[in-house]
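**Q** The following block contains a protein sequence and its predicted model.
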Amino acid sequence: MRRIAIYGKGGIGKSTTAANVTAALCESGLKVLQVGCDPKSDSTKLLLGGRRIETVLSMYRRDSDIDLNSVVHEGYGNSLCVECGGPKPGKGCAGKGIIMAFELLEKHDVIREFEPDVILYDVLGDVVCGGFAMPIRNGYARDVFVVTSGEMMSLYAASNIAEAVRGFEGDGYARLRGLIQNSRNVADESELIDRAAAEMSLDVIFRLKRDPVVQECEAKGMTVVEGAPDSEMAAAYRRLSDKFLSLTEDADGGMRF
């Protein structure tokens, strides 16, 4: 089983990238569990026709003995969709919310129940602390990819994420695999990202161009892979999913949930 985390600054297109990769992997016959680790709880909506699902934490507030079938929802291509959720605004720490959600999913053995081939964690990377570091710090994810544009704050977040992942590599946890360029049409964008990647000693493993078909499909509540399957962008997401498979290992290695 492959365990992959996709990090990136909020609003950079991380969740769109994750959902399209999940859709492409499912098309190839793999069973993918996508776990949304963002308090906005919108990671999986493009796999679910634009529908937002109840989060693990929201359900836990009503009943600590959660039913996995109530929090794991089937989406496009038989994908499996989970949203961890977060606290109500001003009522707690979003990072702690992710920690609690992970513990609950592990307690109820979501892996044994659904037997995915790939787990893809979609994680907010503005601040890599506490719960947001959970996938890389506590042995859940094995391979980490960072989505960035050429915008300064996106590159700054990518640098922080890279530093955090490398801080845990020595413990035998997640490995940093590279950057994914999600273009915003910034002047000299590829060159800016290449320089930043060199400073981080990372490769840019893939470049996604800016294409209006992405927003058109999002408006319909769909991934590009589903909504515009013959488009150039759908082909790009399929190539990216193949890249993920080539750079990751199909092994448990003593990892968790």
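**A** Happy to help now that I have it.
**Q** For the nearest residue to Phe102 once chain neighbours are set aside, give me its contacts.
**A** Counting by CB to CB, 6 or more residues apart in numbering, Met134 is the residue found nearest to Phe102 once chain neighbours are left out, at 5.6 Å. C-betas here are computed from N, CA, C, even on glycine. By CB atoms under 8 Å, 6 or more residues apart in numbering, the contact set of Met134 is Cys37, Gly95, Ile98, Ile99, Phe102, Tyr140.
**Q** Show me where this structure has its strands.
**A** 2-8, 32-37, 73-74, 80-83, 118-124, 143-148, 175-182, 204-208 (DSSP state E).
**Q** And for the nearest residue to Ile53 once chain neighbours are set aside, the neighbour number?
**A** Computed as CB to CB, 6+ apart, the closest residue to Ile53 that is not its neighbour in sequence is His73, at 5.0 Å. His73 has 17 neighbouring residues, counting by other CB atoms under 10 Å.
**Q** try the one 4 residues further on
**A** In terms of burial, Gly77 registers 20 neighbours under the definition other CB under 10 Å.
**Q** Looks like Ile99 contacts Gly130 (just checking).
**A** Yes - if you go by CB atoms under 8 Å, Ile99 and Gly130 touch, sitting 6.9 Å apart.
**Q** Looking at the two, which one has more neighbours?
**A** Between Ile99 and Gly130, Ile99 has the larger neighbour count (other CB under 10 Å), namely 18 against 15.
**Q** Quick check: the gap between that one and Ile180.
**A** Between Ile99 and Ile180 the computed distance is 26 Å (CB to CB, to the nearest Å).
**Q** related to what we said a few turns ago, so which of the contacts of Met134 sit within helices?
**A** Among those, the members found in helices (DSSP state H) are Gly95, Ile98, Ile99, Phe102.
**Q** Let me see the contact set for Tyr121.
**A** Shown in contact with Tyr121 (CB under 8 Å, 6+ apart): Arg3, Ile4, Ala5, Ile6, Val35, Cys37, Pro135, Tyr140, Ala141.
**Q** who's the second one bridged to?
**A** Same thing as Ile4. Applying DSSP bridges to Ile4 gives these bridge partners: Leu120, Asp143.
**Q** Surely it and Val123 touch.
**A** No - with contacts counted by CB under 8 Å, Ile4 stays clear of Val123, the gap being 10.6 Å.
**Q** still on that earlier bit, are any of the ones in helices among the contacts of Met134 buried, and if so which?
**A** Gly95, Ile98, Ile99, Phe102 (16 or more other CB atoms under 10 Å).
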